[in-house]
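*Asks:* what shape does this take:
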Amino acid sequence: MKIRTFPAYSLFLLVLAGNTYATTYNLPTSLGDRVVEASAKETVTVTVDHDQTLLDVARRYNLGQTEIVTINPKLDRWLVKKGTAVRLPNRRILPNTPHNGITLNIAEYRMYYYPADVPGTVRSYAHGVGRQDWQTPLGKTSIAKKVKDPSWHPPESIRREHAANGDPLPEVVPPGPNNPLGAYALHLNLPGEYRIHGTDVDKIFGIGMQITHGCVRMYPEDIEALYKSVPIGTPVYIVKQPIKVGWLNNMLYVEAHPDLEGEEKTADQRYSSALTLIQKANNDELPEFDQVALNQVLKDLDGTPVAIYERLPPLEEDMPATDIDSIAEISKPATANVTKNKKKSDPLVTTSKPTKKTDKTKSQTKNQASKIDTKGKKTNPNVGKKPVKSSPEGYYHGA
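*Replies:* As a prediction, this is how the structure comes out:
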């Protein structure tokens, strides 16, 4: 079935109180739908009222650095002039996890919290994740403890790393503006002191990047809100879903995010993963979807959900089953495989401008694609990949 084409609109938000844009979404009312939206419009933009950085805009609208830069490839992250229109995310496909507790999709640097006291809603927050050599563990866990104004006791491995970089750490960092844990910490029920926590004043713009030693780091105002809302024992699902597929009002959407550092995939691997997810979402049948639109999604990798197929409204007995992936409990994390004396450039402190990206076509084709033969051999994305082990101590680079 041919999909409808949607007109593009712009919503100029001139005044907004606080950091509330697109933080809370209403869950879809139709059974099986997994796409949430902040606005009925197709495109949402904000016009900045003074010169600032793109990262300032990101924090105001609860976005991370990677997300705001990826969705605005033509803008200079270090200088956005007054009067410039900045694109903001509108729709999001919910990760394939239970709609309760907290889901951390590290592939998109995003948290989804389903508050038990406000059913029918989901709150979404940006966060930072573990570096390539200190990966955040995957699986199911829970909130074990909550601490306000935590002290930081850097593990010996982290102190050695800092000392090798000429930045020695004390044995204990007391609470305060320079504490890497920030003002609030939610301890996960895992060995190694993994936490969801805030940040110090110098690392605000690291939210939405791979910059921690395995912990999950949030904006100060976001971790404060989460700390006050989340009870001990809340389940936490940590997943890595760079490609997501979901329905909204009988339209099938696909959303794709850039690969994490050290986990780069080929175009064929992404395409194979997308086909598998599309077929699973459509009762294990591959529909005649818009192939050109899918190709563009997998090329742009900007996290924007794009409609690729429209179905007739199904009868109740024909509704696709809501198939949630089984998520295993996290056991004891493996020992970290840390490269010694390896220095990496910090994109947050550089004064040079990022390399300009090529202009990407954003238009969607109106033509219906022919059915794709899926009997061909699929590429295994894990072949040849050397696993990177997670940190036993769960701390991130705090300086």
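
*Asks:* so where's the stretch 251-399 of the chain shaky on pLDDT?
*Replies:* When residues are selected by pLDDT under 70, those of the stretch 251-399 of the chain lie in 315-323, 325-326, 331-399.

*Asks:* buried set for the longest strand anywhere in the chain?
*Replies:* For the chain, the strand with the greatest residue count under DSSP state E is strand 139-148. The neighbour-count check on strand 139-148 (16 or more other CB atoms under 10 Å) flags 140-144, 146-147 as buried. Yep, even glycine has a C-beta here, placed from its N, CA and C like the rest.

*Asks:* as JSON lines, the residues you listed with distance to residue 106 and pLDDT would be great.
*Replies:* Output for those, formatted as JSON lines (distance: CB to CB, whole Å; pLDDT from 0 to 100):
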{"residue": "140", "distance to residue 106": "14", "pLDDT": "92"}
{"residue": "141", "distance to residue 106": "14", "pLDDT": "92"}
{"residue": "142", "distance to residue 106": "17", "pLDDT": "94"}
{"residue": "143", "distance to residue 106": "17", "pLDDT": "94"}
{"residue": "144", "distance to residue 106": "20", "pLDDT": "93"}
{"residue": "146", "distance to residue 106": "22", "pLDDT": "94"}
{"residue": "147", "distance to residue 106": "23", "pLDDT": "91"}
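
*Asks:* which single one of these is nearest to residue 94?
*Replies:* Nearest to residue 94 among the buried residues of strand 139-148 is residue 140, at 16.7 Å by CB to CB.

*Asks:* so who does the nearest residue to the closest one once chain neighbours are set aside touch?
*Replies:* In this structure, residue 140 finds its nearest non-sequential neighbour in residue 327, 4.6 Å apart by CB to CB, 6 or more residues apart in numbering. By CB atoms under 8 Å, 6 or more residues apart in numbering, residue 327 lies in contact with 97-98, 139-140, 237, 239.

*Asks:* and the helices in this structure, which stretches?
*Replies:* Ranges of helices within the chain are 54-60, 65-71, 156-164, 220-229, 267-281, 291-300, based on DSSP state H.

*Asks:* out of these, the one nearest residue 196 is which?
*Replies:* helix 220-229 (7.1 Å).

*Asks:* now that closest one: average pLDDT?
*Replies:* Averaged across helix 220-229, the pLDDT comes to 93.

*Asks:* same question for stretch 105-112.
*Replies:* 93.

*Asks:* end-to-end on it?
*Replies:* Using CA to CA, to the nearest Å, one end of stretch 105-112 lies 8 Å from the other.

*Asks:* what of stretch 86-97?
*Replies:* First-to-last residue span, stretch 86-97, CA to CA: 31 Å.

*Asks:* which of the buried residues of strand 139-148 sits closest to residue 287?
*Replies:* Nearest to residue 287 among those is residue 140, at 31.5 Å by CB to CB.

*Asks:* from residue 244, how far out is that closest one?
*Replies:* 19 Å (CB to CB, to the nearest Å).

*Asks:* can you check residue 272 too?
*Replies:* 15 Å.
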